[in-house]
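Asker: After the sequence you'll find the predicted model.
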Amino acid sequence: MRTRELAVAGLLTAVSLAIPLYFRGTLQIAIPAIGFSATLASHVPTMLAMAVSPWVAVAAGLGSTAGFFLTLGPVVAARAFTHVIWGLVGAVVVRAGRPLLWALAIALPIHAIGEGAVVWIATGTFQNGVLVTGTTVLHHVVDSALTLAIAAAIRPALVSLRPT
């Protein structure tokens, strides 16, 4: 692991933690009773981390999990833990030489189905799981667009962080 990679992991993890803490009530819609929430840009740090390395994606996903646990409780935190899984898968796709767009597309069904399954299990209601799956698809697409725009702007930095 290189020092710059560690620094980026720390920064993206901090942003993943900060988004649910600072955007609560402003860029966030939450219905805790059914395990639903949507916070604009909450996936962006994990999505950017996929372009750096698998372990950085895992770290960012864990930051998101902690942030949502502190703000919205265990069900939403369990949903956020899926960021670790789809972030890792996406980072492996990028590591294999595929573009970030591909990684985001491959991560989408893992993300949406994973979050829907968490809610279905936690609430015991299939309809809640379907609602979260559908809204997660939309949220993933919006955050993917934000991620691709940010990645294009900082592409030289991301490339220099890839392991050699």
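Answerer: Looks like it came in fine. Numbering: from 1, shown residues only.

Asker: Flag every buried residue along the helix ranked longest in the chain.
Answerer: Assignment by DSSP state H gives helix 126-161 as the longest helix of the chain. Residues of helix 126-161 classed as buried: 128-129, 131-133, 135-137, 139-140, 143-144, 147-148, 150-151, 158, 161 (neighbour count, 16 or more other C-beta atoms under 10 Å). (Glycine included, C-beta is placed from N, CA and C.)

Asker: go on, stretch 33-45?
Answerer: Result for stretch 33-45 [16+ other C-beta under 10 Å]: buried residues 34, 35, 36, 37, 38, 39, 40, 41, 42, 43, 44, 45.

Asker: Distance-wise, check the most centrally placed residue in the chain relative to residue 154.
Answerer: With distances taken as C-alpha atoms, centre = their mean, residue 43 lies nearest the centre of the chain, 3.4 Å away. Applying C-beta to C-beta, to the nearest Å, the value for residue 43 to residue 154 is 17 Å.

Asker: picking up where we left off before, which strands and helices lie in contact with the longest helix of the chain?
Answerer: Identification of packing neighbours for helix 126-161 by 3 or more C-beta pairs under 8 Å, 6 or more residues apart in numbering; DSSP states H and E yields helix 3-22, strand 36-39, helix 44-50, helix 100-123.

Asker: pLDDT (mean, whole number) over that helix?
Answerer: Per-residue pLDDT values over helix 126-161 give a mean of 88.

Asker: for stretch 52-64, same thing?
Answerer: Per-residue scores along stretch 52-64 average to 96.

Asker: Give me the buried stretch members for stretch 109-129, please.
Answerer: Quick answer for stretch 109-129 (16+ other C-beta under 10 Å): 110-120, 122-123, 128-129.

Asker: try stretch 95-113
Answerer: 95, 100, 103, 104, 105, 106, 107, 108, 110, 111, 112, 113.

Asker: Residue 23 is in contact with residue 40, isn't it?
Answerer: Yes: Residue 23 is within contact range of residue 40, at 6.9 Å (criterion: C-beta atoms under 8 Å).
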